[in-house]
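Enquirer: give the three-dimensional model of this entry:
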Amino acid sequence: MDKAKIAICPVCEMEVEIESIGRLFKTNYFQHTFYFCSDSCFKIFKKYPEEYIKKRKKRKKKND
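Expert: You can find the predicted model right below:
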């Protein structure tokens, strides 16, 4: 898969091919776009978004 077309699901950290996801499992939150591997991950994120935002920030710091 082309890395430019891959996102990481913020809930389960699974790779998501952006073009195949379409609009169904995608949301914008504080000017960031998030993609999800499934409807269940999408619903979990919508219920606890701050938890996954913190998790994402920690992962980015670790990779820098």
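
Enquirer: low pLDDT regions in this structure?
Expert: Along the chain, segments meeting pLDDT under 70 span 1-4, 21-23, 61-64.

Enquirer: any chance you could map the strands in it?
Expert: 6-8, 15-17, 26-29, 32-35 (DSSP state E).

Enquirer: can you say which of the ones you listed is nearest to Ile53?
Expert: When the strands of the chain are compared by Cβ to Cβ, strand 26-29 sits nearest Ile53, at 7.3 Å. For every residue, glycine as well, the C-beta is placed using N, CA and C.

Enquirer: list the buried ones in the closest one?
Expert: Judged by neighbour count (16 or more other Cβ atoms under 10 Å), strand 26-29 contains no buried residues.

Enquirer: number of nearby residues for Arg59?
Expert: Using other Cβ atoms under 10 Å, Arg59 is surrounded by 13 other residues.

Enquirer: ok, now which ones touch it?
Expert: Glu13 (Cβ atoms under 8 Å, 6 or more residues apart in numbering).

Enquirer: okay, it and Cys41: tell me how far apart.
Expert: According to Cβ to Cβ, to the nearest Å, Arg59 stands 16 Å off from Cys41.

Enquirer: so for Glu50, which of the strands of the chain sits nearest?
Expert: Proximity to Glu50, assessed across those by Cβ to Cβ, is greatest for strand 26-29 (9.4 Å).

Enquirer: the closest one: partners in the sheet, and parallel or antiparallel?
Expert: Its sheet considered, strand 26-29 pairs with strand 32-35 (antiparallel) by DSSP bridges.

Enquirer: longest helix of the protein?
Expert: If you go by DSSP state H, the chain has its longest helix at helix 49-63.

Enquirer: related to what we said a few turns ago, distance to Phe45 for the strands of the chain - can I get that in CSV?
Expert: Shown next, in CSV, are these (distance: least, Cβ to Cβ, whole Å):
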stretch, distance to Phe45
strand 6-8, 12
strand 15-17, 12
strand 26-29, 7
strand 32-35, 7
